[in-house]
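K.L.:
Pasting a predicted model and its sequence here:
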Amino acid sequence: MAKVSIDRPLAEITLRKYEKPYDLSGRELVKKFCLSIGLLQPGDSRDIVVDVLRVLLEARNEKKSLNSKEIEERVIILRKQDNLPLLGTAASNVRRQLRRLKELFLIENINNNYRISEFEKLSIIFEKKIEKYYMASIVERIKEYFEAIK
């Protein structure tokens, strides 16, 4: 039996366009943001990443970094306030969501504490780190494939 190689991307990003955020706020706004940048899939019932990001956004407003245990505790409080099930609030899953946010350059980890990158606005992080750096390198490589196919 022949060995099959698995093509693994070096980088990937999913972007979706939704209606303008006219009347969205709070959790719904953050959820739509997560859907827009591929952190959440349409129809996902496991949306703990929304609450992890909300906690970090609140901490940003206080210019405060949080460790994973503090994030987990605050996520549980938020989900209880919103009458949401506590599914996905296990420490291992919270750390997984933190890793995903870090891989998209939205957050950083300094001495085991997490924060929104440099306490910056998400729009600036997107422009500087995702659009100009991450997406540009992906588009450049795709263009190389276009050129290679003659």
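P.N.:
Yes, it's here. Numbering: from 1, shown residues only.
K.L.:
which other residues reach stretch 37-46?
P.N.:
With C-beta atoms under 8 Å, 6 or more residues apart in numbering as the contact definition, stretch 37-46 has outside contacts at 13-16, 31, 34-35, 47, 49-50, 53, 87-88, 100-101, 104, 130. Backbone N, C-alpha and C define where each C-beta goes, glycine included.
K.L.:
Over to stretch 7-27?
P.N.:
Stretch 7-27 is contacted from outside by 29, 32, 35-38, 42, 50-51, 54, 78, 82, 104, 130, 134-135, 137-138, 141, using C-beta under 8 Å, 6+ apart.
K.L.:
any idea which helix or strand carries the spatially most central residue of the chain?
P.N.:
Nearest to the centroid of the C-alpha atoms of the chain, with distances taken as C-alpha atoms, centre = their mean, sits residue 101, at 3.7 Å. Per DSSP states H and E: residue 101 is located in helix 91-103.
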